[in-house]
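Asks: next one to model:
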Amino acid sequence: MRYVDVGLSFLMHPNTKDVVQLTDEQAIKAAVKHLVLTNYYEIPFSPYRGGNISALLFENYTGIQNAQIQIDIKNLIDRYEPRVKFLKCISDFYEDVPALAVRIYFRILSLNKDVDISVILKRTR
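Replies: The predicted structure follows:
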């Protein structure tokens, strides 16, 4: 099965003059990243569809938040992205920046391939 999505950058392909398309692995990675970066109440009629991890930038980061991020992202992917199987999630908070880095590992079921994505959110002061 081939997956094709429109890239969210809406860049124009130089040869076809059409919107750049993402296929297979890139399409699924982009969909998972977009899902995780979506905040609550950003999608009409589906208020809790999203990772809402940007809200954690303003929390006192402890091991409890780390465990909660892993649980939330696992539940999110299991519920809304049937093309993948969640494997694990690692998150770190960097106080000096301040930033939250999350690396998500998952298996693309149709390709039987393990991949990962990184999401980095920085808080502006």
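Asks: could you use CA atoms for every contact and neighbour count after this?
Replies: Will do.
Asks: report pLDDT for F10.
Replies: Listed pLDDT for F10 reads 59.
Asks: ugh, typo on my part, it should be V102
Replies: 94.
Asks: confirm that it sits in a helix.
Replies: No. V102: not assigned to a helix; according to DSSP: H, G, I helix; E, B strand; the rest coil it is strand.
Asks: spatially nearest residue to it (excluding sequence neighbours)?
Replies: For V102, ignoring the flanking residues on the chain, the nearest one in space by Cα to Cα, 6 or more residues apart in numbering is S91 at 4.3 Å.
Asks: wait, isn't the one you found in contact with N66?
Replies: Yes. Using Cα atoms under 8 Å, S91 is in contact with N66, at 6.2 Å.
Asks: ranges for the helices of this protein?
Replies: Assigned by DSSP state H, the helices in the chain fall at 24-37, 63-80.
Asks: before we move on, back to that, per-residue pLDDT of the residue nearest to V102, please?
Replies: S91 is given a pLDDT of 90.
Asks: that one: how many residues sit nearby?
Replies: Using other Cα atoms under 10 Å, S91 has 18 neighbouring residues.
Asks: from D116, how far off is it?
Replies: For S91, the distance to D116 (Cα to Cα, to the nearest Å) stands at 13 Å.
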